[in-house]
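Asks: when you get a sec, could you give me coordinates for this:
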Amino acid sequence: MTSTAGARSIIVASNRGPVSFAEDERGQLVPRRGKGGLVTAIGAALQSSGGLWIASAMSDADHRHAGRTIHVDADRESYRFRMLPFDPQEYGRFYDGISNRVLWFLHHHLWDLPRRPTFEGLALDWAAYRAVNEEFARALDEEGPPSGPPPVFLVQDYHLALVPAILRGRRPDAPIAHFSHIPFAGPNEFRILPQSIREELLGGLLGADVVGFQAPRWAENFLLCCRTLPGARVDLWRSLVRWQGRRVRVRIYPVSIDPAALTEDASTEPVARARDEIARMKGDRRLLLRVDRAELSKNILRGLLAYERFLLDHQEWGGRVFFLALLNPSRQHLPEYRAYAQECVALAERINGDLGRPGWKPIELSLQDDYARALAAYQLYDVLVVNPVYDGMNLVAKEGPVLNGQDGALVLSENAGAFAELGPWAVPVNPFDVEASAEAILAALTMDPAERGRRARDLRKAVSRNRIDRWVAVQVRDLERVRPPEDS
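Replies: Next comes the predicted model:
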């Protein structure tokens, strides 16, 4: 990462980088800025040129230029960037075999436990996961200076859970932090994994000096899991784990957004055109909105069923509301994700067929990546529905209130990490309870205008208080308290 902390540079490692590349007709690299919480959080902090971001090569152009350090100028950011090439089969086992189908499903509670998991092929997949983590640790070690203060290493997310311990073996005195952008399962769920993998995962994370999470719930779950690790001594009160002669701090660093940058993005001509189109579709109706990746954890099906239940139970709202569901295709190479996206489309079509009438289509569902349309819809919604089964944070719950000009209400899952920050001003919902979710929609639509306006203002204030430009700085500060430069 291209920033400095005192005398130290900062090096960030993540599976997916802030940009991927294509080549123009002259063979020159053309950066394409990535999306998602990781890029939003760290990209805003990449301003100086003192450090480096290391990530996996993704595109064909990435692979052709992997292994060397590239200076990237993209949008508002400037930084050095190195991409690591991997054998496609090994990377597939690391990414799909473990990261997606095991760790993602575990921490988001997505398994159908009477049937899944069976862990077929787990040994080969885990060997690949370990090998990719070892390569990341080797690359991080290479980039650190052989003498003088070691850099600050910021390791990102569940893909790289083993990196801290491997890197610790190479650089015993280096300041290392690991941050999980997703939830962390509790000890009962964690025991679904084989014991050897459980212990390697926990031991890997405990190689860091600071282990960070989005919300208190996820940090507490991690600490409780560490209590099951032989040799670990956990201090729940101080959020501390004593492990192999070291003290590991567990901290909360909720990711936020850059309101100024988001507002600038929303001021473009494509967004204005999309806003006019949505306004015509909406007419004089109230607009319900959801913006999600077409991802199992986002709970889209129950959200649509709750809307259907709302219309059936409160038929006076028929023709007076309009639900816009903007879904971004996600992991469509995996059969379960393709099937889920198809189920969402089929359910929306069924609800439209059952409840719609001439002049009124209850749901407009779009399955495409359209950032401009999402920004436009944020500005116009009356109710924003964010109901994930579990979510590390969910930045939609923060982006929407910042851009919205309608004093829109937020229906927010209690299991979203964002609930810890925004819950007091949201309409809370149990994401598994369809009938309660339907009543939450009604409560949001019928809320007193003065109360709705007050909550909308307080949501914006809450988001603005948690400044994105401080997110990395706070982590570095905590690392410096553990390992001051002069002691390194």
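
Asks: residues in contact with residue 155?
Replies: 12-14, 136, 140, 163-164, 167, 176-179, 208 (C-beta atoms under 8 Å, 6 or more residues apart in numbering). In this view, the C-beta of every residue, glycine as well, is placed from N, C-alpha and C.

Asks: looks to me like it is in a strand.
Replies: Yes - assessed by DSSP: H, G, I helix; E, B strand; the rest coil, residue 155 belongs to a strand.

Asks: specify the beta-bridge partners of it.
Replies: Legend: beta-bridge partners of residue 155 under DSSP bridges are residue 13, residue 178.

Asks: could you report the pLDDT at it?
Replies: pLDDT, residue 155: 98.

Asks: can you tell me how far it is from residue 481?
Replies: 18 Å (C-beta to C-beta, to the nearest Å).

Asks: same question for residue 129.
Replies: Residue 129 is 32 Å from residue 481, by C-beta to C-beta.

Asks: of those two, which one has the most company?
Replies: residue 129 (27 against 12; other C-beta atoms under 10 Å).

Asks: what lies in contact with stretch 356-368?
Replies: 281, 294, 304, 307, 311, 318-319, 321-329, 341, 344-345, 348, 351-352, 355, 373.

Asks: and with 6 Å instead?
Replies: By C-beta atoms under 6 Å, 6 or more residues apart in numbering, the residues outside stretch 356-368 that reach it are 319, 323, 324, 325, 326, 327, 348, 351, 352, 355.

Asks: thought the second one was touching residue 307?
Replies: Right, the one you point to is residue 323. Yes - using C-beta atoms under 6 Å, residue 323 makes contact with residue 307 at a distance of 5.3 Å.

Asks: grab the nearest non-local neighbour of residue 97.
Replies: residue 125 (3.2 Å; C-beta to C-beta, 6 or more residues apart in numbering).

Asks: which helix or strand contains the one you found?
Replies: According to DSSP states H and E, residue 125 maps onto helix 122-143.

Asks: same question for that helix, mean pLDDT?
Replies: Averaged across helix 122-143, the pLDDT comes to 98.

Asks: buried ones in that helix?
Replies: Buried residues in helix 122-143, defined by neighbour count with 16 or more other C-beta atoms under 10 Å: 122, 125-126, 128-133, 135-137, 139-141, 143.

Asks: between all of these, which two are separated the most?
Replies: 122 and 143 (31.8 Å; C-beta to C-beta).

Asks: quick revisit: which strands and helices sit next to the helix holding residue 125?
Replies: Applying 3 or more C-beta pairs under 6 Å, 6 or more residues apart in numbering; DSSP states H and E, we find helix 122-143 packed against strand 8-13, helix 163-170.

Asks: for residue 103, which residues are in contact?
Replies: With C-beta under 6 Å, 6+ apart, residue 103 has these contacts: residue 158.

Asks: helix, strand or coil for it?
Replies: helix.

Asks: again, but for residue 270
Replies: Strictly by three-state DSSP, residue 270 counts as helix.

Asks: swap in residue 469?
Replies: Following three-state DSSP, we place residue 469 in the helix state.

Asks: of the contacts of stretch 356-368 - the most surrounded one?
Replies: residue 323 (27 neighbours).

Asks: confirm that one sits in a strand?
Replies: Yes - counting by three-state DSSP, residue 323 is found in a strand.

Asks: tell me the pLDDT at it?
Replies: pLDDT, read off for residue 323, is 99.

Asks: residues contacting it?
Replies: By C-beta under 6 Å, 6+ apart, the neighbours of residue 323 are 288, 307, 363.

Asks: just the ones of those in strands?
Replies: Judged by DSSP state E, the subset of these located in strands is 288, 363.

Asks: closest one to residue 429 out of the contacts of residue 323, please.
Replies: residue 307 (12.4 Å).

Asks: so the regular element (helix or strand) spanning residue 472 versus strand 8-13, what angle?
Replies: Using DSSP H and E, residue 472 falls within helix 471-482. Here helix 471-482 runs at an angle of 120 degrees relative to strand 8-13 (axes from the mean of the first three to the mean of the last three C-alpha atoms, to 10 degrees).

Asks: and stretch 393-408, what's its mean pLDDT?
Replies: Stretch 393-408 comes out at a mean pLDDT of 97.

Asks: please compute how far that stretch lies from its chain's middle.
Replies: 16 Å (C-alpha atoms, centre = their mean, to the nearest Å).

Asks: can you put the contacts of residue 155 in TSV and add distance to residue 399?
Replies: Listed next are the contacts of residue 155 as TSV, based on distance: C-beta to C-beta, whole Å:
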residue	distance to residue 399
12	23
13	26
14	21
136	30
140	31
163	30
164	31
167	33
176	31
177	26
178	26
179	20
208	29
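
Asks: please report how far the residue lying closest to residue 127 once chain neighbours are set aside lies from residue 121.
Replies: With C-beta to C-beta, 6+ apart as the criterion, residue 127 has its nearest non-adjacent residue at 7.8 Å, and that residue is residue 93. Counting by C-beta to C-beta, the gap between residue 93 and residue 121 amounts to 8 Å.

Asks: higher neighbour count, the two?
Replies: Neighbours were counted for residue 93 and for residue 121 using other C-beta under 10 Å; residue 93 has more, 22 against 11.

Asks: tell me the SS of that one?
Replies: Three-state call for residue 93 (three-state DSSP): helix.

Asks: surely it meets residue 123?
Replies: No - assessed by C-beta under 6 Å, residue 93 is found out of contact with residue 123, at 10.3 Å.

Asks: and the furthest pair within the contacts of stretch 356-368?
Replies: 319 and 327 (24.1 Å).
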